[in-house]
Each structure stands twice: as C-alpha cells, then as structure tokens.
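Asker: Need a 3D model of the sequence below.
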Amino acid sequence: MGYGAFGTLKSGGSFCYTAGINSAAVAGGTTCLIPWIGASNLIVLQFSSQMFSSQINVPMILSHFALLESPVSPVSFVKVGGGVLMVIGAVMMNRG
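Answerer: Numbers count the residues shown, from 1 in each chain. Presented below is the predicted three-dimensional model:
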C-alpha cells in the first residue's frame with residue numbers, strides 16, 4: 001500500500017522538520033510583534049538581523065578559516081566596518 005506524497009516524509013530527515021518548525025515560529029512571532037513595534041520596525045529588524053547573521057558573520061568565519069573548502073579570505077577591518085555600519089544603519093532607521 002503506497003502512501004503517495006506522504007511516503008517521502010520519511011526521507012526528509014530531522015532538518016526538514018526543524019526548518020518547518022522554525023518557519024512557523026517566525027510567522028507566528030511576526031504576527032504577534034507587529035502590534036507592539038510596528039510593521040516597518042519589524043521589517044527592518046528582520047532584515048538587519050538576517051543580513052548580519054547570515055551574510056556577515058558566518059561567511060567571514062568560514063572564509064577566514066577556509067572551512068567547507070572555501071577560499072581563504074582573511075577578516076579585515078573593512079569587512080568588520082561594513083558589518084558595523086549596517087547595524088548602525090538599522091538602528092538609525094528604527095529611531096528615525
């Protein structure tokens with residue numbers, strides 16, 4: 001007896017379930033936070049935190065130590081300064 005599309009759930013692994021739970025938490029949290037901090041502040045907060053964590057810190061560490069067979073690119077003052085400026089810009093946008 002086949003399970004159809006549900007048969008593929010076994011092959012997804014725990015990573016797929018974790019991603020689904022995290023997505024539901026973000027959607028629920030977003031819905032609850034909009035009345036408290038406002039839609040524009042929430043979008044700026046989400047965007048800046050995503051950019052800072054996923055495109056600044058992790059890639060800098062991966063490329064600095066050549067992890068995951070990435071080319072070596074040492075952390076420099078300019079890279080750190082760019083990350084700091086991005087955080088300052090997000091703070092200024094929330095306060096303005």
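Asker: Now the phi/psi pair for Ile88, please.
Answerer: Reported as degrees, to the nearest 10, the phi and psi values for Ile88 are phi -60, psi -40.
Asker: Could you check how many residues crowd around it?
Answerer: By other Cβ atoms under 10 Å, 10 other residues sit near Ile88. Any C-beta I mention is one placed from the backbone N, CA and C, and that applies to glycine too.
Asker: for Pro59, same thing?
Answerer: Using other Cβ under 10 Å, Pro59 has 13 neighbouring residues.
Asker: And the average pLDDT for the longest helix anywhere in the chain is what?
Answerer: The helix of greatest length in the chain, counted in residues with DSSP state H as the criterion, is given as helix 13-37. In this model, helix 13-37 carries a mean pLDDT of 84.
Asker: Buried residues of the helix or strand just after it, list them for me.
Answerer: Toward the C-terminal end, the helix or strand that comes next after helix 13-37 (DSSP states H and E) is helix 39-52. Within helix 39-52, the residues scored as buried using 16 or more other Cβ atoms under 10 Å are 41-42, 44, 48, 52.
Asker: tell me what helix 39-52 is packed against?
Answerer: With contacts defined as 3 or more Cβ pairs under 8 Å, 6 or more residues apart in numbering; DSSP states H and E, the secondary structure elements packing on helix 39-52 are helix 13-37, helix 77-95.
Asker: export the last one as CSV, just CAs?
Answerer: As requested, C-alpha coordinates have been extracted for helix 77-95 and formatted as CSV (Å, rounded to 0.1, in the frame of the first residue of the first chain):
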residue,chain,number,x,y,z
PHE,A,77,39.0,46.0,9.1
VAL,A,78,36.9,46.9,6.0
LYS,A,79,34.7,43.8,6.4
VAL,A,80,34.1,44.3,10.1
GLY,A,81,33.5,48.0,9.5
GLY,A,82,30.9,47.2,6.8
GLY,A,83,29.0,45.0,9.3
VAL,A,84,29.1,47.6,12.0
LEU,A,85,27.8,50.3,9.5
MET,A,86,25.0,48.0,8.6
VAL,A,87,23.9,47.6,12.2
ILE,A,88,24.2,51.4,12.8
GLY,A,89,22.0,52.0,9.7
ALA,A,90,19.4,49.6,11.1
VAL,A,91,19.4,51.4,14.5
MET,A,92,19.2,54.8,12.8
MET,A,93,16.2,53.7,10.7
ASN,A,94,14.4,52.4,13.8
ARG,A,95,15.0,55.6,15.7
